[in-house]
Structures are given as structure tokens and as C-alpha cells.
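# predicted model and sequence below, questions to follow.
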Amino acid sequence: MYNDGHLEGDAVAAERILVPLSETVTVRQTVGYAVRAGLERADSLECHLVVALPSDREMPEGQTEVDAARSLLSKAENWVSEDVGDSSVTVETAVLGMDEYLFGPRDFASTFASYGEEHDIDHVVLDPEYQPGASAGMLHPLERELESAGLTYDEAPVERPARHERLIGDGTQRFDRLFAMFWISYGFYLVLGDPTYWFDLVTGAAVAGIVSVSLAHITFTFPLGRVQSPLRTLRFAIYVPYLIWEIVKANLAISIVILRPSMPIDPKMTRVNARVRSGLPLLALANSITLTPGTLTVRADDQRLIVHSLIASARDDLFDGSLERAVRFVFHGRESSAIPSPRERGDAEVIGGDEL
Amino acid sequence: MIETVRFWAIIVLIVFGLFFTFVSAVGVLRLPDVYARAHTASQTDTLGAGLALAAVALALGWQNATAYTVLLLFFVFITNPTAAHAIARSAAESGIVPWENDTDEEGESR
């Protein structure tokens, strides 16, 4: 209302920007910057606030993630209206990734790109701390992928508290880590030493104390759950015999193939999109696949695993996803292990060797 | 009685361990390219070393060193796939095209 005539003359279309949000300490400043900078470039602004949800709506925490996203969006909408004063700003909000699985930076970038295309947006304002889901270090790969998707981006200049404060976490978290680290290192010391000898008990306690104080917040980069973490360890103990059984079966199959004079091998590169989280679960899955003879993880870019398979039966096992289910069982419990196999959900395919 | 059972169990474990190590050596010689060989090379580590270490643990009986063999096996199981993956990945990055038997007859590894 304050410069109608100017708008007519200039005929500049409204500036449209996309702001991906996540629950960070700097999200408020990012929204503020996006509005300010947008209004400097053009007189009216169309601000699209989106929350992109990472994988797995099938997991128990899926619905709460959607609710958290909605509440973040409504908060951000209020922030925008606080900031704009009386300029003309339209706010649109959306939750992205509801009907697909977003895994790595590439998926996020392509989701933003297709949203941008729908709404005729070509500029993204990024929160420097942007971190959807559990995976770490999203920003730089995401910027690279955004660039290759043809979107310009802009990092909001924010002031943030020093990073190490976040890593250590609050008091109980810190105590949990120290506690877990202490008993893990004490146990390891006593296995190597003699648990009945008083000298080893005393030196072990001292060493474990030093190790836990100095290394606890490096070892555990994720918050520990008091119920979940011991449960995972227990489920891992169930997983090991199962894995050994799979290894024995695969070893026999491969041995038969190798010893036959005709050697009926059928090597193929395959791509499998695994539905496990980055970090420890993905490591466990990729390592288990490699440990089983007949399948060999060649690449693990985010959740896209490139797996070389030597014989058809090993490939079938891989596509049936029994190891994937087992890893999900270890990390998320029994109900989330019941998912369709990679073959059924179309996440498994044979690729040519030149597509590496 | 128990001693004879243990003795023969140790023998059987060692024989199977040797068998899988042998198969693995044959595989490394016979298989066509680096990817396929990486599969069979890991057999030595998993079942070859696994069964041999199981035999060692059984031969040692209940003592501290038995715990070490189990730990050793645990570390082998972590490091072996890591090494195999590193080899395969660097092969892929140097652009080695995997051998396939049905596409074109001369499409072999180089």
C-alpha cells in the first residue's frame, strides 16, 4: 500500500523464495534474514516455508515427526508476520517428503527443485545449521546438489552459539554417555586382564575413568536412550548368530560354484536403496552385505548401495532384503522390521558396469 | 570320552577351516576380475579364520586366552568387510568395468 505506483512502473514480479526449515538454534534468524533480504530485492515477497521430512513414516516416531514439522511451520509463519511490518508478503507453508523417502542431500535437493518448479521459485535461503533428520553434515553436500539442480541459494548470516555446547548436551545426556563409556571400557579392560585379580580391578577402574571423561562425547555422536541403547545391544547379540548362519550358507553356495569345473558365475552390479538410517545402521548393513560371500558393497552413497553380486542366488537373497530387515530389527525393534523387500518396493535393480 | 569328542571336534573345525581357505585360494586364481576375487578373498577371513579360531578356542579350553580368540574374530569380522569394500571401491573409482559373462563375449576386465 505504500508504493503502489512504483510497483506498476517497475513491473517486477514478486520475489519468490524457498526456505527449508529444521529445528535448529538458528532457524529464527534464518527466517528473519530471508524476509529482510527478499524485501530488499523486490517490493513484494512470496515466502515459501517448507519442512522436508527424512525417511521413514513407517517407523513408530513417524507421526510425531509430521506433527513437529507442522508446529514448526506455524511458528515460522508467526515469525514472518512479526518481521514484515506492513510490506506485502505472502507466506506459503508445506511439508515435503510425505509420500517418498528422502535419504541423502541429493533427494532433498531434488525435492526442493521440484517444489520450486511447481511454484516458480528459483532461490533458496538456507539455514547454516540446517539438518533434517539424524544425518550429520548436510549443508555442504546439499549446496552442491542444489547447484546441480539449477537453484541458486543463499546462506543466512546468523550468529550462533559455539558448537561444542550442542555436542555435549545437557546434564543427564552427559552422564549417560560417561556411564556407558565407563562400563564399556572397564569391561573390555577386564576381558583382556584378569577380573579376579584386585590390581586389574583397580587399574581398570582408573583407566576406564580417564577414557570415559576424555572420549565419551566423541564416541557417542547421538543421544543414548536409557531403554533403547541396552535393548539394541541385546538385539545385536541376537543378530550375530543369524549373521553367522547367513555367512555359512553363502560360503557353501560360493564354494560349490567355485569348485565346479564349469564355474557357473553370473556377476552383476546391482543398486539397492536401503531403508536404514545413515551412520551406524548403514555401516552395519553394508558391512554385513560384504561379509556374506557373493555380495560385496562397492559404494555406499547415502542409502544408495552399489552392490556387486557374484551368483544369482546371492543376488536374490540381497533383493529379498533379509539382512536389511535384520538390521532394522536391531536398531528399531521388531515392528519396524516388517517392511516390503527391496524388490517389492522397486528399490533394487541390476545396473551395467559402466554406471558406477 | 569328553576328551576324544573335543579332540575330534578340533580336527573337524581345522579341516573345514582349511577347506574354506583352500576354496578361497582356488577362487582367487579362477575368478575373472577384481570384484569377483574380492568376494572369495573374504571367505578366508570369515569361515577360514573363523573355524580355525574356533578350533584354537576349543583347544585352549576355559582360560583367558579363549576370550582373546573370540575378540580377535570379532575384529576380523569388522575389518575384513572394510578392507574388501575399500578394494572394490578404489577399483570402481579407477574405472574398472566389472566382468559380465553374457553381454558381449570380449567384455572382459582390464
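Everything's here; your move. Residues are numbered from 1 along each chain as shown, chains lettered A, B, ... in the order given.
# with adjacent residues omitted, what lies nearest to A:Leu190?
What sits nearest to A:Leu190 in space, not counting adjacent residues and going by Cβ to Cβ, 6 or more residues apart in numbering or on different chains, is A:Gly204, at 5.6 Å. No exception for glycine: its C-beta is placed from N, CA and C like everyone else's.
# any idea how many residues pack against that neighbour?
When neighbours are defined as other Cβ atoms under 10 Å in any protein chain shown, A:Gly204 has 21 of them.
# can you say which helix or strand has it in it?
Counting by DSSP states H and E, the element that carries A:Gly204 is helix A:198-219.
# moving C-terminal from that helix, which element do we reach first?
According to DSSP H and E, the helix or strand after helix A:198-219 is helix A:228-259.
# against which helices or strands is that next one packed?
When contacts are defined as 3 or more Cβ pairs under 8 Å, 6 or more residues apart in numbering or on different chains; DSSP states H and E, helix A:228-259 sits against helix A:280-291, helix A:312-320, helix A:322-332, helix B:2-30, helix B:34-43.
# please identify the deepest-packed of the ones you listed.
Counting by mean count of other Cβ atoms under 10 Å in any protein chain shown, helix B:34-43 has the highest mean neighbour count of the helices and strands packed on helix A:228-259, with a mean of 25.
# packing partners of that helix?
helix A:228-259, strand A:295-301, strand A:304-309, helix B:2-30, helix B:64-93.
# the last one to strand A:304-309, inter-axis angle?
Relative orientation of helix B:64-93 and strand A:304-309, computed by axes from the mean of the first three to the mean of the last three Cα atoms, to 10 degrees: 100 degrees.
# okay, buried residues for helix B:64-93 please.
Buried positions in helix B:64-93, judged by neighbour count with 16 or more other Cβ atoms under 10 Å in any protein chain shown: B:66, B:68-69, B:73, B:77, B:80-81, B:84-85, B:87-89, B:91-92.
# up against chain B, what does chain A have?
Proximity of chain A to chain B (Cβ under 8 Å from any Cβ of the partner chain) is limited to residues A:191-192, A:194, A:244, A:247-248, A:251, A:254-255, A:258-259, A:263, A:265-269, A:286-291, A:293-300, A:306, A:308, A:310, A:353-354, A:356.
# again, only this time at 6 Å
Proximity of chain A to chain B, by Cβ under 6 Å from any Cβ of the partner chain, involves residues A:191, A:247, A:251, A:255, A:258, A:267, A:269, A:287, A:290-291, A:293, A:296-298, A:308, A:310, A:353, A:356.
# I'd guess A:Ala94 is in a strand, am I close?
Yes - according to DSSP: H, G, I helix; E, B strand; the rest coil, the state of A:Ala94 is that of a strand.
# and it, how far from A:Val125?
The gap separating A:Ala94 from A:Val125 is 15 Å, by Cβ to Cβ, to the nearest Å.
# which one's more surrounded, the two?
Taking other Cβ under 10 Å, A:Ala94 and A:Val125 do not tie; A:Val125 has more neighbours (20 against 16).
# list the contacts of the closest residue to chain B within the stretch 251-356 of chain A.
Nearest residue of the stretch 251-356 of chain A to chain B: A:Thr290, at 3.5 Å (Cβ to the nearest Cβ). Taking Cβ atoms under 6 Å, 6 or more residues apart in numbering or on different chains as the definition of contact, the neighbours of A:Thr290 are A:296-297, B:81, B:84-85.
# between the residues you listed, which is nearest A:Ser114?
Each of the contacts of A:Thr290 was scored against A:Ser114 by Cβ to Cβ, and A:Thr297 proved nearest at 29.5 Å.
# give me the pLDDT value at the closest one.
According to the prediction, A:Thr297 has pLDDT 87.
# again, but for A:Asn3
The confidence metric pLDDT takes the value 43 at A:Asn3.
# what of B:Gly17?
Reported pLDDT at B:Gly17 in the predicted model: 91.
# in what helix or strand does the residue nearest to A:Val51 when sequence neighbours are not counted lie?
Computed as Cβ to Cβ, 6+ apart, the closest residue to A:Val51 that is not its neighbour in sequence is A:Ala69, at 3.9 Å. Secondary structure from DSSP H and E places A:Ala69 in helix A:62-84.
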